[in-house]
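Enquirer: how would this look folded up:
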Amino acid sequence: MTVVWWLAGVVVLVVGGVVAPIGWHGWPSTVVGNVFALSLVVSGLVLAWWRTHPRLVAVAGGGLWLVAGGLSSWGWFPDPALVILALLSTVAALGFRGWQGAAGLAGYLLILFYLVGDPNPVPLMMFSVPGFLAGTVLRQRREVAARLAARGRELEEERELFADLALRHERARIAAELHDIVGHAISVMIIQAAAGQRLVDRDPDRTREAFAAIAESARQGRGDLQRLVDLLGGAASGGPDLAVIDEVVDRAARSGLDVSCRFEGVRDGLPAPVAHLAFRVVQESLTNALRYAPGAAVRVTVSGSVQILVVRVENAPGSGADAGVAGCGQGLTGLRERIQELGGRLSAGPVVGGGWAVEAGLPL
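Expert: Residues are numbered from 1 along each chain as shown. The predicted structure is shown next:
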C-alpha cells in the first residue's frame, strides 16, 4: 500500500508541477521544446524507483535535468519543477556517501547553473542543498539502524550460545554428581554382595554384616539422590562441611575397608563449594580403592590453612584379588575439571611402594 501511495504521489507531482503548468502556458510546438518538456516529466517519473535504485534515479534524473536546463530557452520553465530537483538531491544523498556525494552535487550545480544561464543561483541552491542534507541525515539514520539491528542479531546469537554452554555445563555437573553418588553406592554394594556370596555358607555372621553394609550403602545413596533432586528442584539446602568426610570414612570402615582419617589445621567455616569438592575427592578415592586395591590400607589427610585446603588420599598396594567392578573412567576427570573451575589442582598417580595417591589443593 505504501508503494502505491508513493507512485500516486509521484504522478501527482509530475502532473501538477510540470505537465499542468506547461500546458497552461502552452505546450511547446517544436521538437526541441517537446524534448525539454519530456525531460522534466521523465526526471520526475524516475523518482518512483528511489527505494530500490537510488543511484540510478539520481544519475538519470539529474541527467534529464541537465538536458532540460540546456534547452530551457525553448520552452517555459515551471517553478514547481524545482521540487523534483530537491527530491533528486535527497535521493542522491541516499545513494552516494560522504564526500563523493557532496563533490558530485557541487559539480552538478555548477554545470546546471551554467546551462540555465540564470544570474541568480539562489533558487538552485535552495532546492538542492537542503534536500541533499536531509538525505544525508536519513541515510545516516538508516546506517545506524542497520548497525544496531546487526548488533542485536549478534547479541541474540551470543545469548543463545551462552545459554547452550550453560546448559551443557549444568548437564556435565549433574552427570558428575550422579557419578559420584551412584558410583560409590553401587561399588560398595557389589563388593559386599560378592563377599556375602563367598561367606554365606561358612560364616553367617559376617554375611549378615555384608548385607547390612549393602543396605546402609543403598540408603545413603538414596538419601544423596534425594538431596540432589531437591537441589535441582530449587529447594534450600544447607551448605556441606568437612563432617561429611568423617561420615563417608566411617561408612567405608564399616564396609570392611582399612581406612583412617586425620584432620590438620583449619576445618571450620570453609566455603560450601570447597567442602563439597573435598568430600567428593575422598569419596571417589575410597571408591577406587575398593575397586582396584581391595584389602589395602587407606589413609586420608585433610590439611587446612588460611589460603588452601589440601586433601590427600593414599592407599597401599591391594592385598586381594581385583573386585571386578570396572569404572567409567570419568570420576577423576570430572573432579579435576570442577576443581580447576575453582582455581585449584588435582593430581593422581602411583607412589613409591606400589600404592596410589590422589591429592587436591583447593583455594580458600
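Enquirer: only C-alpha atoms for contact and neighbour calcs from this point on.
Expert: Fine.
Enquirer: and the residue nearest the centre of the chain, how close does it get to A172?
Expert: Centroid-nearest residue in the chain: E158, 2.4 Å away (criterion: CA atoms, centre = their mean). From E158 across to A172, the span is 21 Å (CA to CA, to the nearest Å).
Enquirer: circling back: helix or strand for the residue nearest to the centre of the chain, which one?
Expert: Per DSSP states H and E, E158 falls inside helix 129-199.
Enquirer: show me what that helix is packed against.
Expert: Helix 129-199 sits against helix 82-95, helix 204-232, helix 272-292, helix 331-341, with contacts defined as 3 or more CA pairs under 8 Å, 6 or more residues apart in numbering; DSSP states H and E.
Enquirer: relative to helix 82-95, how tilted is it?
Expert: Per axes from the mean of the first three to the mean of the last three CA atoms, to 10 degrees, the angle that helix 129-199 makes with helix 82-95 is 30 degrees.
Enquirer: for helix 129-199, what is the average pLDDT?
Expert: Averaging pLDDT along helix 129-199 yields 78.
Enquirer: what's the following helix or strand after the worst-scoring helix or strand of the chain on mean pLDDT?
Expert: Scoring the helices and strands of the chain by mean pLDDT, DSSP states H and E places helix 204-232 at the bottom, with a mean of 70. Scanning forward in sequence from helix 204-232 by DSSP H and E, the next helix or strand is helix 243-254.
Enquirer: list the contacts of the following helix or strand past that next one.
Expert: Using DSSP H and E, the helix or strand that follows helix 243-254 towards the C-terminus is strand 258-265. With contact meaning CA atoms under 8 Å, 6 or more residues apart in numbering, strand 258-265 is reached by 246, 249, 252-253, 295-305.
Enquirer: same thing but at 6 Å, please
Expert: Identification of contacts with strand 258-265 by CA atoms under 6 Å, 6 or more residues apart in numbering yields A253, A297, V298, R299, V300, T301, V302, S303, G304, S305.
Enquirer: just the residues you listed: which are in helices?
Expert: The members of the contacts of strand 258-265 that map onto helices under DSSP state H are A253.
Enquirer: make a ChimeraX selection of the buried ones in the contacts of strand 258-265.
Expert: In ChimeraX syntax, the buried subset of those is picked out as below (16 or more other CA atoms under 10 Å):
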select :297,298,299,300,301,302,303,304
